[in-house]
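[1] what's the 3D shape of this:
(one chain, ligands or ions: 2)
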Amino acid sequence: MAENMDEKKIIFSGIQPSGALTIGNYLGSLKNWVELQDEYNCYYCVVDQHAITVPQEPKMLRKNTLEILAVYLAAGLDPEKCTLFIQSHVPAHAQLSWVLSTMTYMGQLNRMTQFKEKSQKGEGNLNAGLFTYPVLMAADILLYNADLVPVGEDQKQHLELARDLADRFNSRYSDTFTVPDGYIPKLGARIMSLQEPEKKMSKSAEDPNSYILILDDEATIKRKFKRAVTDSIGIVKYTDEQPGIKNLITIYSSFSNMSIEEIEKKYEGKGYGEFKEDIGQLVADSLAPIREKVEYYLDNKDELERIYREGAQKAEKASRRVLSKVYRKVGFIQR
Ligand code: AMP
Ligand code: TRP
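    Ligands and ions are numbered 1, 2, ... in the order given. Take a look at the predicted model:
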């Protein structure tokens, strides 16, 4: 954007504080954020307003919000390099969301698979926020004129809506928003459940054996991998016929930076027992330093507070500029 004096391209992404983070969140999203922070002007948000589209215990929401910010920092995000903030601290997200919602077709929202899945779970009392959630996500992204949005595979459809709305606004009024692109990793974009490898690993799943949390301790991580569902074929091979093993190889590769071929070769002629033992150790060793740092930040809440306050200030400044441009274009009178 011409108005942006900073030459760097812009990134926006966020994670909902709706529970503790899994290695799916880490590999699909957060790990890439860290790699991108040197080259881009990054805004990374804890999207608490998204989280309340399903019922949240207020105390837990507060805890999870701070914990996720601590995980961001522990994973290597540097508040000197990027803007780390909490969504509800920056009112422009909800404000832009309203304007964009008036340009979003009901049919588009009806087709969103995440909404369909959540509503089919039969949770009853479906709320309007769950339905319009992708509009808020579009507002998050467009407010900063993000060029790139690093997310896992499951967010593709939501991202498409953000692109659509940017186009629609630009052509109805005049060029305002950058049309964002997704940044989806080749490997790790869809980490599967350890118990039902045909389903995505999710922090809201009922069975804790189906996911590994970033903050799980070593014994828990090893135990969960030991119990991971595999098959009776008995060969460590990356193939659709062996979805459990395929998922474990993906996780192994993402944490070790070894290629799939190297991993298959390493375990040639060996059973699943040894493979599971090793992957448990690898993942536990990789996550241990993150866990330690998270503990540090949770013990030093004043430091967290300073970081999210500064982040909110920076985000507010950038977002206010874009919001007032939008308000002007739609015909709202300036104060
Ligand atoms: P959420 O937990 O829904 O807020 O997701 C936060 C980020 O993690 C998004 O970019 C998701 O695409 C990503 N993510 C969530 N679950 C997985 C998974 N099982 N595999 C890969 N990425 C995931
Ligand atoms: N909807 C995303 C998820 O569930 C979280 C999210 C909200 C997000 N706003 C965003 C991701 C903006 C990227 C950019 O994972």
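
[2] shaky segments in the stretch 101-250 of the chain?
    122-124 (pLDDT under 70).

[3] residues in it within reach of ligand 2, list them.
    By C-beta under 6 Å from any ligand atom, the part of the stretch 101-250 of the chain that sits against ligand 2 consists of 137, 140-141, 149, 151, 155, 158. Just so you know, the C-beta spots here come from the backbone N, C-alpha and C atoms, and that holds for glycine as well.

[4] relative to ligand 1, how far out is Val34?
    14 Å (C-beta to the nearest ligand atom, to the nearest Å).

[5] cool, and Phe225?
    16 Å.

[6] what does Ser193 give?
    Distance from Ser193 to ligand 1, by C-beta to the nearest ligand atom: 8 Å.

[7] with Leu130 instead?
    13 Å.

[8] list the buried residues in the host helix or strand of that residue.
    According to DSSP states H and E, Leu130 maps onto helix 128-142. Within helix 128-142, the residues that count as buried by 16 or more other C-beta atoms under 10 Å are 130-142.

[9] kindly export that helix (C-alpha atoms) in PDB.
    Taking C-alpha atoms only, helix 128-142 is exported to PDB below (Å, rounded to 0.1, in the frame of the first residue of the first chain):
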ATOM      1  CA  ALA A 128     -25.200 -15.600  15.100                       C
ATOM      2  CA  GLY A 129     -21.500 -15.000  16.000                       C
ATOM      3  CA  LEU A 130     -20.600 -18.500  15.000                       C
ATOM      4  CA  PHE A 131     -22.200 -17.900  11.700                       C
ATOM      5  CA  THR A 132     -20.600 -14.500  11.000                       C
ATOM      6  CA  TYR A 133     -17.200 -15.500  12.400                       C
ATOM      7  CA  PRO A 134     -15.500 -15.600   9.000                       C
ATOM      8  CA  VAL A 135     -16.400 -11.900   8.500                       C
ATOM      9  CA  LEU A 136     -14.600 -11.000  11.700                       C
ATOM     10  CA  MET A 137     -11.600 -13.000  10.500                       C
ATOM     11  CA  ALA A 138     -11.700 -11.100   7.200                       C
ATOM     12  CA  ALA A 139     -11.800  -7.800   9.200                       C
ATOM     13  CA  ASP A 140      -8.700  -9.000  11.200                       C
ATOM     14  CA  ILE A 141      -6.800  -9.500   8.000                       C
ATOM     15  CA  LEU A 142      -7.900  -6.600   5.900                       C
END
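
[10] what residue in this structure comes nearest to ligand 1?
    Gly28 (2.0 Å; C-beta to the nearest ligand atom).

[11] so for that residue, what's the nearest residue that isn't a sequence neighbour?
    Of all residues not flanking Gly28 in the chain, Gly152 sits nearest, at 3.0 Å (C-beta to C-beta, 6 or more residues apart in numbering).

[12] how about the helices in the chain?
    In the chain, the segments counted as helices under DSSP state H are 23-25, 31-36, 48-51, 58-74, 92-101, 106-110, 113-120, 128-142, 156-172, 218-226, 243-256, 260-266, 272-299, 301-330.

[13] the third one and ligand 2, any residue contact?
    Spelled out, it's helix 48-51. Yes. Applying C-beta under 6 Å from any ligand atom, one finds helix 48-51 in contact with ligand 2 at His50.

[14] what's the pLDDT at the residue of the chain most remote from its centre?
    For the chain, the largest distance from the centre (C-alpha atoms, centre = their mean) belongs to Gly269, which lies 37.1 Å off. Among the per-residue scores, Gly269 holds a pLDDT of 94.
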